[in-house]
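Asker: no sequence for this one, just the structure:
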């Protein structure tokens, strides 16, 4: 449902872009009053979805809330607490660094291309932001290039950069400063800082070796294609 709803928002934005482009100009919203009902709806929905990440919330996937103590279940007795090797931490940070660099390069190339085509406008960047929102769900449900190329992790539950998606989604809003755009960026930065602070303070929350809730057998995430595949595999073995 989340994917369909985001596709609907993107489709509506594309329609508005070709029929009433000025109403997508968020830089003109507040000087001229609260014009652009669609932009207001988008802001509210995105803000609420990101604010859910700041506070513990069992309605979101375990991968997005594993940095909270309430989502942690130790896999070892206290006297045998899991100890991270420098090699393991280096691998996690390397994947995050490569993902971040790839994102910066991709967006830089996109913005340069839009500028060369004289299309780098607030309205166009609203479309880009909503397209990123759709791609975020595609990465969760079907295929994630960051997971395959850089992170090399099992699934979203153990993803080192899961809550980076809020800031990634709001990246286009950085280009044109306004109350509308930078308020979304600010919320996404808070989500990102909360995530990174927890990672460096409580790294045991983020890997299945120390957090039993991240293991496939204990994961209740219905969106996880890895879990679905493993269940199908078990069902096939039962048939034989």
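Answerer: Yep, it's here. In this text, all values refer to a predicted model and were calculated from it rather than measured experimentally.
Asker: can I assume residue 177 sits in a strand?
Answerer: No: applying DSSP: H, G, I helix; E, B strand; the rest coil, one finds residue 177 to be coil, outside a strand.
Asker: Can you get me a residue count around it?
Answerer: When neighbours are counted by other C-beta atoms under 10 Å, residue 177 registers 11. (Glycine included, C-beta is placed from N, CA and C.)
Asker: Relative to residue 127, how far out is it?
Answerer: 19 Å (C-beta to C-beta, to the nearest Å).
Asker: swap in residue 68?
Answerer: 34 Å.
Asker: All the strands of this structure, residue numbers only.
Answerer: Shown for the chain, no strands are assigned by DSSP state E.
Asker: so where's it uncertain?
Answerer: In the predicted model of the chain, residues 30-35, 76-84, 222-240 satisfy pLDDT under 70.
Asker: show me what contacts the residue lying closest to residue 213 once chain neighbours are set aside?
Answerer: Nearest non-adjacent residue to residue 213, counting by C-beta to C-beta, 6 or more residues apart in numbering: residue 73, 4.9 Å away. Contact partners of residue 73, counting by C-beta atoms under 8 Å, 6 or more residues apart in numbering, are 211-213, 218.
Asker: Go again with 10 Å.
Answerer: 205, 210-215, 218 (C-beta atoms under 10 Å, 6 or more residues apart in numbering).
Asker: So for this protein, the centremost residue is which one?
Answerer: Nearest residue to the geometric centre of the chain (C-alpha atoms, centre = their mean): residue 165, 2.1 Å.
Asker: ok, and the closest non-adjacent residue to that residue?
Answerer: Excluding its sequence neighbours, the residue lying closest to residue 165 (C-beta to C-beta, 6+ apart) is residue 136, at 4.9 Å.
Asker: neighbours around the one you found, how many?
Answerer: When neighbours are counted by other C-beta under 10 Å, residue 136 comes out with 18.
Asker: That one touches residue 168, doesn't it?
Answerer: Yes: between residue 136 and residue 168 there is a contact under C-beta atoms under 10 Å: 7.5 Å.
Asker: now the helices for this structure?
Answerer: Listed in chain order, the helices of the chain (DSSP state H) span residues 2-19, 37-54, 62-65, 86-116, 122-141, 145-146, 165-170, 179-201, 225-239.
Asker: Can you check what angle separates the longest one from helix 179-201?
Answerer: Going back to what we said before, that points to helix 86-116. Put simply, helix 86-116 runs at 170 degrees to helix 179-201, going by axes from the mean of the first three to the mean of the last three C-alpha atoms, to 10 degrees.
Asker: Same question for the second one.
Answerer: Helix 37-54 and helix 179-201 are oriented at 10 degrees to each other (the same axes, to 10 degrees).
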